[in-house]
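*Asks:* structure of the sequence below:
(one chain, ligands or ions: 1)
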Amino acid sequence: MSDDIRYCTIIGSGPAGYTAAIYAARANLKPLLFTGKEPGGQLMITTDVENYPGYPEGIMGPQMMADFQKQAERFETEVRYEMITEVDFSGPVHVLTTESGEKIKTYSTIISTGASAKWLGLESEVKLMNKGVSACAVCDGFFYKGQEVIVVGGGDTAAEEATYLAKLCPTVHLLVRRDEMRASKIMQKRVMNTKNIQVHWNTETVEILGEEGVIGAKVINNKTNTESVIDASGFFVAIGHKPNTDIFKDWLDMDEAGYIITKPDSTKTKVEGLFASGDAQDNIYRQAVTAAGTGCMAALDAERYLAAKEII
Ligand code: NDP
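*Replies:* Numbers count the residues shown, from 1 in each chain. Reported below is the predicted structural model:
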């Protein structure tokens, strides 16, 4: 390796990024990992993670990410707490620019920049984050078993979250801001056929209620302008995710929402030596364990690419 060209650089520090780092480091690629502005990714705003195999008692999201990082560093991953703000994939050596203006040259790059949940933007939402407010029913729904919950949104995610929660909760209040849902017909049908989902049409959230935990929400019907209160102990925001892929848009194929399109059964992108993993390329599963899986795939793909090019 030329002194100033890295074998493998990883952008992002969620389960995908750290898993890619563990595999790349153990393959002696001496990876350099940029954490981005939210080190640890979405799990840092989760409390108990109970669905990640290997933790029979569950684990706190931030602790899990600290463990991921420790494991990656044990095998000599270099972790930098910086953002990559610009990329140039025009040649066989990729050039990544950090926020401080440094140019990093690398033979292979793994994108694991994740996605961020969209939020309503209410003060009470911030105050009650992880105290009843969540953006992931699969992660947190279990904590509200037997209790009433609210889901906000009218797309496929909201429909899926509401039907998932309906298996655990006596009533799921689904707040849809228009008089129709954006979700696919089949998902809408599933919602309508689930007796304990109560759809509140033309309804928006004014405020989430509670101090130490959610006790309900003040909502408004935007047709009649009438306010009311819905009692609930969980408040799930399901109004979409945004993949953190803006800086790659000139280089890669993406779907309408900005998720990177990878080649079938691999993490390869249309740029040589550039691999995408985790939520930045997964609009469907979006789980820590699936992100970790594709992070592993990306490191293996990078290692094989470097070997085929006789760089390692
Ligand atoms: P979407 O963008 O499709 O839907 C977002 C929903 O949230 C819309 O109903 C929108 O309302 C509503 N919304 C947005 N902002 C607000 C707000 N501030 N207050 C209240 N409501 C709001 O996002 P999804 O995450 O649902 O889906 C994204 C993509 O992923 C879609 O292509 C979907 O098909 C796909 N997907 C597929 C799944 C599957 O196949 N199993 C599962 C989940 C997602 P409005 O309609 O008025 O704009």
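
*Asks:* for the stretch 151-300 of the chain, what spans make up the helices?
*Replies:* Listed in chain order, the helices of the stretch 151-300 of the chain (DSSP state H, counting those that start in this stretch) span 156-166, 185-192, 288-308.

*Asks:* mind giving me the packing neighbours of the first one?
*Replies:* Read that as helix 156-166. Helix 156-166 is packed against helix 137-140, strand 149-152, strand 172-175, helix 185-192, strand 197-200, strand 234-237, with contacts defined by 3 or more C-beta pairs under 8 Å, 6 or more residues apart in numbering; DSSP states H and E. C-betas here are computed from N, CA, C, even on glycine.

*Asks:* which one of the helices of the stretch 151-300 of the chain is the most hemmed in?
*Replies:* Burial among the helices of the stretch 151-300 of the chain, expressed as mean neighbours by mean count of other C-beta atoms under 10 Å, is greatest for helix 156-166, which shows a mean of 24.

*Asks:* can you tell if it touches the ligand?
*Replies:* Yes - if you take C-beta under 6 Å from any ligand atom as the test, helix 156-166 does meet the ligand, through 156, 157, 158, 160.

*Asks:* what pLDDT does the last one get?
*Replies:* You'll see residue 160 listed with a pLDDT of 91.

*Asks:* now it. Nearest residue, chain neighbours left out?
*Replies:* On the basis of C-beta to C-beta, 6 or more residues apart in numbering, the spatially nearest residue to residue 160 that is not a chain neighbour turns out to be residue 187, at 6.7 Å.

*Asks:* adding distance to residue 247, write the helices of the stretch 151-300 of the chain out as TSV.
*Replies:* Output for the helices of the stretch 151-300 of the chain, formatted as TSV (distance: least, C-beta to C-beta, whole Å):
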stretch	distance to residue 247
helix 156-166	25
helix 185-192	32
helix 288-308	17
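
*Asks:* next one: phi and psi at the residue of the stretch 51-200 of the chain found nearest the ligand?
*Replies:* Using C-beta to the nearest ligand atom, the point where the stretch 51-200 of the chain gets nearest to the ligand is residue 155, with a distance of 2.3 Å. Residue 155 has phi and psi values of phi -100, psi -170 when expressed as degrees, to the nearest 10.

*Asks:* number of nearby residues for it?
*Replies:* With neighbours defined by other C-beta atoms under 10 Å, the count for residue 155 comes to 17.

*Asks:* okay, the closest residue to it other than its chain neighbours: pLDDT?
*Replies:* Leaving aside its sequence neighbours, residue 155 sits nearest to residue 182 (C-beta to C-beta, 6+ apart; 4.7 Å). Confidence per residue is given as pLDDT, and for residue 182 that number is 96.

*Asks:* and if you look at residue 236?
*Replies:* Taken from the predicted model, the pLDDT recorded for residue 236 is 97.

*Asks:* now swap in the one 4 residues further on and tell me
*Replies:* As summarised for this prediction, residue 240 has a pLDDT of 89.

*Asks:* for residue 255, see how far away the closest residue to it other than its chain neighbours is.
*Replies:* Distances taken as C-beta to C-beta, 6+ apart put residue 118 closest to residue 240, at 4.9 Å, once the chain neighbours are dropped. From residue 118 across to residue 255, the span is 16 Å (C-beta to C-beta, to the nearest Å).

*Asks:* more crowded one of the two?
*Replies:* Ranked by neighbour count (other C-beta under 10 Å), residue 118 and residue 255 place residue 118 first, with 15 against 11.

*Asks:* residues contacting the more buried one?
*Replies:* Under the criterion of C-beta atoms under 8 Å, 6 or more residues apart in numbering, the contact list for residue 118 reads 237, 239, 240, 241, 242.

*Asks:* now for the lowest-mean-pLDDT helix or strand in the chain, which elements pack on it?
*Replies:* Ranked by mean pLDDT, DSSP states H and E, the helix or strand of the chain with the weakest confidence is strand 48-49, at a mean of 82. Using 3+ C-beta pairs under 8 Å, 6+ apart as the contact criterion, the neighbours of strand 48-49 among helices and strands are strand 59-60, helix 61-74.

*Asks:* quick one: contacts of the last one?
*Replies:* By C-beta under 8 Å, 6+ apart, the list of residues contacting helix 61-74 from outside reads 13-15, 18-19, 21-22, 25, 31, 33, 39-41, 43-49, 52, 55, 59, 79, 288.

*Asks:* can we see that at 6 Å?
*Replies:* Surrounding helix 61-74, the residues in contact under the criterion C-beta atoms under 6 Å, 6 or more residues apart in numbering are 18, 21, 22, 40, 43, 44, 46, 49.
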